[in-house]
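Here is my input; please provide its structure:
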Amino acid sequence: MTSIAVAPGRVNTEMQASLRADGNGVMDDAVYKTFTDAFEQGQLLKPEQPGNVIADFVAKPSKELSGKVLR
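Next up is the predicted model:
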C-alpha cells in the first residue's frame with residue numbers, strides 16, 4: 001500500500017472566496033490581508049492544478065513517495 005499526503009497550498013476554491021467576502025472584520029486584519037493579497041496577486045492555484053497531481057498519484061502511485069508529505 002502507498003500513502004502520500006498532499007498539502008497543495010492556497011487553492012482558489014469557494015472557501016477562499018468566502019474568506020475574502022466574509023472575513024474582513026472577523027479575522028485578524030493581517031491574516032485577512034494575506035488572503036486578499038494572494039488572490040489579487042494571482043498566487044492562488046487553480047483547483048485543477050493540485051487536482052491533476054493528486055489524480056496522477058492515484059492512477060500511478062509511487063512507492064518511493066509513500067509516507068511523504070508533498071507541498
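
only C-alpha atoms for contact and neighbour calcs from this point on.
Noted.

For stretch 37-51, output the C-alpha coordinates as PDB.
What follows is stretch 37-51 as a C-alpha-only set of coordinates in PDB (Å, rounded to 0.1, in the frame of the first residue of the first chain):
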ATOM      1  CA  ASP A  37      -3.300  39.800  -1.400                       C
ATOM      2  CA  ALA A  38      -2.800  36.300  -2.600                       C
ATOM      3  CA  PHE A  39      -5.900  36.500  -4.700                       C
ATOM      4  CA  GLU A  40      -5.200  39.900  -6.100                       C
ATOM      5  CA  GLN A  41      -1.600  39.000  -7.000                       C
ATOM      6  CA  GLY A  42      -2.700  35.800  -8.700                       C
ATOM      7  CA  GLN A  43      -0.900  33.500  -6.300                       C
ATOM      8  CA  LEU A  44      -3.800  31.000  -5.800                       C
ATOM      9  CA  LEU A  45      -3.600  27.800  -7.700                       C
ATOM     10  CA  LYS A  46      -6.500  26.700  -9.900                       C
ATOM     11  CA  PRO A  47      -8.200  23.700  -8.400                       C
ATOM     12  CA  GLU A  48      -7.300  21.500 -11.400                       C
ATOM     13  CA  GLN A  49      -3.600  22.100 -10.800                       C
ATOM     14  CA  PRO A  50      -3.300  20.100  -7.500                       C
ATOM     15  CA  GLY A  51      -6.300  18.000  -8.600                       C
END
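
which parts of it are buried?
Of the residues in stretch 37-51, those scored as buried under the neighbour-count criterion (16 or more other C-alpha atoms under 10 Å) are 39, 44-45, 50.

I'd like to know which of those is nearest to residue 3.
Comparing the buried residues of stretch 37-51 against residue 3 with C-alpha to C-alpha places residue 50 closest, at 16.5 Å.

any idea which element the closest one lies in?
Element membership of residue 50 [criterion: DSSP states H and E] is helix 48-59.

thinking again about what came up before, sort out which of the buried residues of stretch 37-51 are in helices and list them.
Counting by DSSP state H, those place 39, 50 in helices.

Show me which of the buried residues of stretch 37-51 is closest to residue 17.
With C-alpha to C-alpha as the yardstick, the closest approach to residue 17 among the buried residues of stretch 37-51 comes from residue 39, at 9.0 Å.
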